[in-house]
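[1] Everything below, folded, please.
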Amino acid sequence: EVGARSTTDAARAGAVLDKMERAARQHGTYEPLLRRQTENGILVASTAAQADRLAGKGGLGQSKAFRRALPDVDEAGFAVWVDVRGLVRSFFPDEGSVDADIEPIAGIGMTAVSDGKGSATYRVRLVTE
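    I've put the predicted structure just below:
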């Protein structure tokens, strides 16, 4: 399952998503996504369950690994969090366990923070337990 929640102009974001979906259909790679407007933007998800999780008041932002990987998330104009173990389990559900080399990885975070003057700071962090 994948999803994104964005603080943005929902109508403009929807127009961009429409163009992306049209292009994907033309290339035969279209997978339908659910869209929901939020009070301050839009969320997009591959399943209704993922959309519900993104719309809810979860605790991800308070988790230690998330805060270590994304220390500047509150100021970021762009942020991505990857739960590596969860991703591996969703691609290989029959494996039973995650590879020992991947197990210590708590997650990967990426942020972009603009100074408003034409410069930005980009950060990518891999954090372990």
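
[2] what's the spacing between the residue of the chain most remote from its centre and D74?
    In the chain, K117 marks the outermost C-alpha relative to the chain mean, sitting 26.4 Å out by Cα atoms, centre = their mean. Distance, K117 to D74, using Cβ to Cβ, to the nearest Å: 20 Å. For the C-beta atoms, the positions are set from N, CA and C on the backbone; glycine is no exception.

[3] before we move on, what about D101?
    For D101, the distance to D74 - Cβ to Cβ - is 32 Å.

[4] distance between the biggest helix by length in the chain and the chain's centre?
    Counting by DSSP state H, the longest helix found in the chain is helix 10-26. Offset of helix 10-26 from its chain centre (Cα atoms, centre = their mean, to the nearest Å): 18 Å.

[5] Equivalent analysis for stretch 105-113, please.
    10 Å.

[6] again with stretch 30-38
    Taking the mean of its C-alpha atoms, stretch 30-38 sits 14 Å from the chain's own mean (Cα atoms, centre = their mean).

[7] Just the mean pLDDT for that stretch, thanks.
    Stretch 30-38 carries an average pLDDT of 87.

[8] can you list the residues that contact it?
    Here stretch 30-38 makes contact (Cβ atoms under 8 Å, 6 or more residues apart in numbering) with 5, 10, 14, 17, 21, 24, 42-48, 51, 55.
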